[in-house]
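Q: the amino acid sequence is not available; the structure is as follows:
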């Protein structure tokens, strides 16, 4: 009967790599996941999720900090490329979203929503909680989901219950 309990979560700003980790459970979500599209997004130089702030320095930011300027255009194999976030894009395609997203890093912040049955969320929780091997930001997100679920159900749906559900 626990499969009749649907949960909905909205996640803001999780890095794209972490989103991919949760996406690996899309079958458990019955493919009910909607993500912000990198194809329609525009990211600025140095934009990273809060988890990566003060942990990494994208090359664009590091070069600027060192006073190293990169040219607006370069020639490579006889083709002209123009400067973009995280690299260069063939001239004429610099505004093409499909080309731009090829340069986006997994540290970019991402938003998504998903629905999942309680029994399937229990599995995700078991795999991605603080005791698992997931990225720390993914662990934090899943633990936050569990805490919100616990609060919303007046502790009926506790972490202990999630760990005990067979799936």
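A: Perfect, I can see it now. What you see is a predicted model, and the numbers here were worked out from it, not measured in a lab.
Q: alpha carbons only for contacts and neighbour counts from here, please
A: Noted.
Q: and stretch 91-109, how far out from the chain middle?
A: Offset of stretch 91-109 from its chain centre (CA atoms, centre = their mean, to the nearest Å): 16 Å.
Q: in this protein, which spans are strands?
A: 6-15, 33-35, 73-76, 79-84, 87-90, 109-117 (DSSP state E).
Q: tell me which of these sits nearest to residue 58.
A: strand 87-90 (10.8 Å; CA to CA).
Q: and the closest one, average pLDDT?
A: Across strand 87-90, pLDDT averages out at 96.
Q: report the buried residues of it.
A: Judged by neighbour count (16 or more other CA atoms under 10 Å), strand 87-90 contains these buried residues: 88, 89, 90.
Q: what sits against the residue of the chain positioned farthest from its centre?
A: Most distant from the centre of the chain: residue 78, at 36.0 Å, with distances by CA atoms, centre = their mean. Counting by CA atoms under 8 Å, 6 or more residues apart in numbering, residue 78 touches no other residue.
Q: need the buried residues of strand 87-90 in CSV (columns: distance to residue 43).
A: Shown next, in CSV, are the buried residues of strand 87-90 (distance: CA to CA, whole Å):
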residue, distance to residue 43
88, 14
89, 15
90, 18
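Q: and the residues you listed, which is closest to residue 45?
A: So of those, ranked by how close each gets to residue 45 (CA to CA), first place is residue 88, at 12.7 Å.
Q: thought that closest one was touching residue 76?
A: No: Residue 88 is not in contact with residue 76 according to CA atoms under 8 Å; the separation is 10.2 Å.
Q: scan the chain for its longest helix.
A: helix 136-152 (DSSP state H).
Q: what packs against that helix?
A: Packing partners of helix 136-152 (3 or more CA pairs under 8 Å, 6 or more residues apart in numbering; DSSP states H and E): strand 6-15, helix 16-23, helix 118-128, helix 159-164.
Q: out of those, which gets nearest to residue 111?
A: strand 6-15 (4.5 Å).
Q: list the buried residues of that closest one.
A: In strand 6-15, counting by 16+ other CA under 10 Å, buried: 13, 14, 15.
Q: what is the nearest of those to residue 2?
A: For the buried residues of strand 6-15, the nearest to residue 2 is residue 14 (27.8 Å; CA to CA).
Q: quick one: residues contacting that closest one.
A: With contact set as CA under 8 Å, 6+ apart, residue 14 has these partners: 49, 50, 51, 109, 110, 111, 137, 138, 141.
Q: try it again at 10 Å.
A: Residues near residue 14 by CA atoms under 10 Å, 6 or more residues apart in numbering: 20, 48-52, 107-112, 137-138, 140-141.
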